[in-house]
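Participant: Here's a sequence, model it:
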Amino acid sequence: MQKPSVLDERNEDAALVVESVRSEGPLQPGPEDRKGNALLCALTLLRPEEYLLLVIGGLFAYLHYADITRVVFKTSFIRAGWQLFIGFIQVFTVVAAWRAYRHATGQAPKPSNALIGGVVLAPIVVVGLFTAGLLEVQWQPDYLDKGWYGVGAIVLVTFGWTARSVAKEERNAKLVSVALSMGKDVFNFARDWLPFIALLSTYENALRLVGRVRSALYDPEMFRLDEIIFRGHLDVWFQRIVSAKLTEAFAFFYNGLYLFPIVVGMTLYLQWRHREFRAFLLSFIVAGWVGYVGYLLVPVIGPRYFYPELYTVPLHATNVSASLRDAAMQTASEAGMRFLAIAEQVSDRAAYGGQYPRNCFPSLHTAWGVVVLICSYRYTRLLFYILVIPLLWMIAATSYLRFHYMVDVLAGVLLAIFMVAAMPRIDAAWERLAARARNLPPPPSIVPPIRTTWQKVRYAFALSSFFVFSAFVVVYVVRSDIAREKVALAEALVGEHGLPKLPPAGQIQARFGDSLELVGVQTDAESFRSQKLVNIDFYWRALERTEGNWKVFVHVRDVRGRNLANADHHPVGGAYRIKEWKPGDVVKDTVTLRVPRASRGTALEIWVGVFDEIHVEKRMPVTIRPERHPVQRDAVRVLTTRIR
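Facilitator: Reported below is the predicted structural model:
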């Protein structure tokens, strides 16, 4: 005789609970309990992640209407998230119709493994063929609109089959039952998956917020932490094995970030294992929101963009023996590397106000990958064995593709361990609270009890390790930042005696408004080499106190006026902002920017101006124009040079 599984035993326990409630009726509360139960019932109508969504939505609304940051609705992630959500609903409507038909005709409503496999794997196969270039499809926005015709036809067929399969006297009641069952299933499905879609949709706005309120970068601190903790840099070590084919393989798995949770989540959902599904999805989405907070606390752009000079072997060179300079001139698309080009598009500066996104600490590729690994091992072991190799490749790709420091990866692992330890227990406690509010027996739990000392130690480590490590990183970077600000401030306040003797081309003498004067600019023209860092010193004089949230913009343009790079910033790295300047101050503001990718001899122009941080279209007017430097839209061209 086959031994019953743990899941079967839990289902039997749940059936006994339901039967006891049906036979004996719910427990009747006393008069003193009714008010408290009513409050608990109202409180538990929403789920924990839905309260989190309300808080985040309210926060973004406040930031938007307070002009702290502008919420942008027409972003690629919002468009993709909405399309994914509509596609999910269309696919599940078909499943709900099939389930309602089976239920109305007296058959078991549980989907077969073939149906689950078809629903989960079909879109994966299509996406895989498309990204591999084996299926050429030009996506059109109206595809989803047309999809509703197919969904509507299947729903009508479901009603027709139901009408033919039941007795005439039961037909109306059964059709109403089918409609109600489908509506309920689709509503619950949309409610269950909406937090996942919201997490994806807010990605770009979250990074825009980080770029707006956190102009400083802590890449040097993360670089040093890698040396302190790991005695080296894994991304540099990976240069030993770099090849074009290996790069494409790593980029392929790196791009599958959102595919893996959909596979695991859909599998659990279509098996109607809702507690396991909710434990997994809650761990996934809360990890994402905590990761966004980490981006705000420790803004980092990653070694790929901050330290490109570390690497002697290019990732996207089809010929590894080619010189690094020649490879740097070639984009991944030009090299025919489809997957690497997709990975680079996620960090496209145009989507984040011209800045590289500060999205490294913690590594959400790592955190989400580990959450998927642990939850698939717990709840659907077969998928774990299928996904373990691709997920490990994806995590390794964070260093191979040079997007993350090892500190980011370690923080991602610890974040995932915390989430899979805490979130299922929080969800189970919420379910018990909801049952108590309605005077129902507590539902069976999928969370194992903690009994032994070893289990208690593991649980304590899972709950504390991420916060202890993150606190260590935050304290380290903040202390380094304070020390850096003190040094920068001491170097910035040069005074009149500290002004260097500038050549005629470097003497600007442009006045902005009535309070600021750009005295001059100084740089080394020979340092302008493609993709290299260059320092430009700007000398400002404060004539009066300046009220408001003003920032300096530095634009690198070509001779046709195209903007190639931005360096919007508060002077002195934010240590001494314009509104803090005192009359008579002479401030040296050193701007470090990366020379755009261009061929030798390309002419570049450096334009400078002052703009309002809140109302970004508002610029401080140029009231006294310099003699040798043209002015356009209240921006002064301070330098012309060529790439060496």
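
Participant: Return the residues in contact with the residue nearest to residue 602 when sequence neighbours are not counted.
Facilitator: Leaving aside its sequence neighbours, residue 602 sits nearest to residue 643 (Cβ to Cβ, 6 or more residues apart in numbering; 4.7 Å). C-betas here are computed from N, CA, C, even on glycine. By Cβ atoms under 8 Å, 6 or more residues apart in numbering, the contact set of residue 643 is 528-530, 595, 598-602, 604.

Participant: In strands, which of those residues appear?
Facilitator: When those are checked against strands (DSSP state E), the matches are residue 604.

Participant: Make a markdown table from the contacts of residue 643 and add distance to residue 48 to it.
Facilitator: Output for the contacts of residue 643, formatted as a markdown table (distance: Cβ to Cβ, whole Å):
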| residue | distance to residue 48 |
| --- | --- |
| 528 | 53 |
| 529 | 52 |
| 530 | 50 |
| 595 | 48 |
| 598 | 50 |
| 599 | 55 |
| 600 | 57 |
| 601 | 59 |
| 602 | 54 |
| 604 | 52 |
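
Participant: Mind giving me the ChimeraX command for buried ones among the contacts of residue 643?
Facilitator: To isolate the buried subset of those in ChimeraX, counting by 16 or more other Cβ atoms under 10 Å, use the following:
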select :528,530,595,598,602,604
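
Participant: then the helix or strand that contains residue 593 to PDB, C-alphas only?
Facilitator: Per DSSP states H and E: residue 593 is located in strand 586-594. Provided in PDB are the C-alpha atoms of strand 586-594 (Å, rounded to 0.1, in the frame of the first residue of the first chain):
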ATOM      1  CA  VAL A 586      34.900  80.900  -4.200                       C
ATOM      2  CA  VAL A 587      34.100  77.300  -4.800                       C
ATOM      3  CA  LYS A 588      36.000  74.800  -6.800                       C
ATOM      4  CA  ASP A 589      33.600  72.100  -8.100                       C
ATOM      5  CA  THR A 590      35.400  69.100  -9.700                       C
ATOM      6  CA  VAL A 591      33.200  67.100 -12.000                       C
ATOM      7  CA  THR A 592      34.200  63.600 -13.000                       C
ATOM      8  CA  LEU A 593      32.500  62.300 -16.200                       C
ATOM      9  CA  ARG A 594      33.100  59.500 -18.700                       C
END
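
Participant: Where do the helices of the stretch 151-300 of the chain begin and end?
Facilitator: For the stretch 151-300 of the chain, the helices defined by DSSP state H, counting those that start in this stretch occupy 171-201, 203-213, 219-230, 234-237, 244-254, 259-270, 274-297.

Participant: Report all helices and strands that the third one contacts.
Facilitator: Packed against helix 219-230, as judged by 3 or more Cβ pairs under 8 Å, 6 or more residues apart in numbering; DSSP states H and E, are the following elements: helix 303-306, helix 406-437, helix 453-492.

Participant: For the closest residue to residue 75 other than its chain neighbours, give its distance to residue 189.
Facilitator: Spatial nearest neighbour of residue 75, excluding adjacent residues (Cβ to Cβ, 6+ apart): residue 204 at 4.3 Å. Counting by Cβ to Cβ, to the nearest Å, the separation of residue 204 from residue 189 is 26 Å.

Participant: quick revisit: right, so of the helices and strands packed on helix 219-230, which gets closest to residue 232?
Facilitator: helix 406-437 (8.7 Å; Cβ to Cβ).

Participant: Now do stretch 621-634: distance to the chain's middle.
Facilitator: With Cα atoms, centre = their mean, to the nearest Å as the basis, stretch 621-634 stands 40 Å off its chain's centre.

Participant: whoops, I mixed them up, stretch 63-73
Facilitator: Here stretch 63-73 is found 18 Å from its chain centre; the criterion is Cα atoms, centre = their mean.

Participant: what about it, start to end distance?
Facilitator: By Cα to Cα, to the nearest Å, the extent of stretch 63-73 from end to end equals 14 Å.

Participant: hang on, the earlier thing: can I get the helices and strands packed on helix 219-230 in JSON lines including mean neighbour count?
Facilitator: What follows is the helices and strands packed on helix 219-230, written out as JSON lines (neighbours: other Cβ atoms under 10 Å):
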{"stretch": "helix 303-306", "mean neighbour count": "21"}
{"stretch": "helix 406-437", "mean neighbour count": "21"}
{"stretch": "helix 453-492", "mean neighbour count": "14"}
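
Participant: Of all these, which one is nearest residue 366?
Facilitator: Of all those, it is helix 406-437 that lies closest to residue 366, at 3.0 Å by Cβ to Cβ.

Participant: name the helices or strands packed onto the closest one?
Facilitator: helix 31-43, helix 48-65, helix 219-230, helix 274-297, helix 364-379, helix 381-400, helix 453-492.

Participant: What are the phi and psi values at the residue nearest to residue 602?
Facilitator: When quoted as degrees, to the nearest 10, the phi and psi of residue 643 stand at phi -70, psi 130.

Participant: one step back: which of the helices and strands packed on helix 406-437 sits most buried?
Facilitator: helix 364-379 (a mean of 24; mean count of other Cβ atoms under 10 Å).

Participant: what comes up buried for stretch 437-449?
Facilitator: Those would be 437, 439, 441, 443-446, for stretch 437-449 by 16+ other Cβ under 10 Å.

Participant: among the helices of the stretch 151-300 of the chain, which is nearest residue 390?
Facilitator: helix 244-254 (5.2 Å).

Participant: Rounded mean pLDDT for that closest one, please.
Facilitator: On average, the pLDDT along helix 244-254 is 90.

Participant: buried residues in it?
Facilitator: Neighbour counts over helix 244-254 (16+ other Cβ under 10 Å) mark 244, 247-248, 250-254 as buried.

Participant: domain assignment for the chain?
Facilitator: Here the domain parsing of the chain from automatic domain parsing is 235-492, 496-642.

Participant: What is the distance between the longest one and the centre of its chain?
Facilitator: How far domain 235-492 lies from its chain's middle: 9 Å, per Cα atoms, centre = their mean.

Participant: How about stretch 529-543?
Facilitator: That offset, for stretch 529-543, works out to 31 Å (Cα atoms, centre = their mean).

Participant: tell me, what residue is most central in this protein?
Facilitator: For the chain, residue 203 is the residue whose C-alpha lies nearest the centre (Cα atoms, centre = their mean; 4.4 Å).

Participant: Which of the helices and strands in the protein ranks last by mean pLDDT?
Facilitator: The weakest-scoring helix or strand in the chain, judged by mean pLDDT, DSSP states H and E, is helix 6-24 (a mean of 42).

Participant: Show me the shaky parts of this protein.
Facilitator: Across the chain, the ranges flagged by pLDDT under 70 are 1-36, 107-148, 316-336, 348-354, 485-488, 490-491, 496.

Participant: Residue 533 bridge partners, please.
Facilitator: With DSSP bridges as the criterion, residue 533 is bridged to residue 594.

Participant: count of neighbours near it?
Facilitator: 14 (other Cβ atoms under 10 Å).

Participant: And it, how far from residue 306?
Facilitator: Distance, residue 533 to residue 306, using Cβ to Cβ: 9 Å.
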